[in-house]
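Structure for this input, please:
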Amino acid sequence: MRTIYLLSKELADDPDQVRQTQELTLDQSRPQLGLKGSRGLFGSAEWWEAISQGMIPTRTISGRILKVYVTGMERGLAPNTIDIRTSTGEEHVADIYVNSRKDRSEIRAGRWVEIVYALDDLKAGGALEIPIEVKLSD
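The predicted structure follows:
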């Protein structure tokens, strides 16, 4: 399998994303918005360690890509969504994540995809699925 997306690379290329997410986590005047931050601030070394130690659980979806398409009303957008069928026959809808635009063309029906999500707690309750890795193969 070939890795086409790593959240760690995206965050290294866009430090403002980390800063803004952490600021929202720490903003006590917005108790219903953002991540809880109880296992480390998003993108921090502590947060990555919590993922690797299983303190922030992960979920992996893998299967065949059934369809690649655009969700949204605007024409001319690059495909941003895939339908996946797992080996157990379940179907999932997922967003497309790539670190390099050239990898978008590699995402097509029939290919095998594996997406790993970190499940981080939200301030308002529940969890947010944050994609941390995407791999492709034939």
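
contacts, neighbours, all on C-alpha from now
OK.

can you give me the end-to-end distance of stretch 123-132?
Using CA to CA, to the nearest Å, one end of stretch 123-132 lies 20 Å from the other.

Can you give me the buried ones in it?
The neighbour-count check on stretch 123-132 (16 or more other CA atoms under 10 Å) flags 123, 131, 132 as buried.

now those residues in a markdown table, with pLDDT and distance to residue 20?
Shown next, in a markdown table, are those (pLDDT from 0 to 100; distance: CA to CA, whole Å):
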| residue | pLDDT | distance to residue 20 |
| --- | --- | --- |
| 123 | 97 | 15 |
| 131 | 98 | 18 |
| 132 | 98 | 18 |
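
Model confidence for the residue lying farthest from the centre of the chain, exactly?
For the chain, the residue at maximal distance from the C-alpha centroid (CA atoms, centre = their mean) is residue 29, at 26.8 Å. Per-residue confidence (pLDDT) for residue 29: 95.

So for the longest helix that the chain contains, mean pLDDT?
If you go by DSSP state H, the chain has its longest helix at helix 15-26. The average pLDDT within helix 15-26 is 96.

who's in contact with it?
For helix 15-26, contacts defined as CA atoms under 8 Å, 6 or more residues apart in numbering pick out 11, 30, 33, 34, 35, 36, 37, 41, 42, 43, 123.

What ranges does the chain have for its helices?
7-13, 15-26, 45-52.

quick one on the thing from earlier: filter the contacts of helix 15-26 down to the buried ones.
The buried subset of those (16+ other CA under 10 Å) comprises 34, 35, 36, 37, 41, 42, 43, 123.

The fourth one touches residue 119, doesn't it?
No. Under the contact definition of CA atoms under 8 Å, residue 37 does not touch residue 119, with a separation of 11.8 Å.

Quick check: bridge partners of the closest residue in space to residue 131 that isn't next to it in sequence?
Among residues not flanking residue 131 along the chain, residue 117 sits closest, at 4.3 Å (CA to CA, 6 or more residues apart in numbering). Beta-bridge partners recorded for residue 117 (DSSP bridges): residue 59, residue 131.
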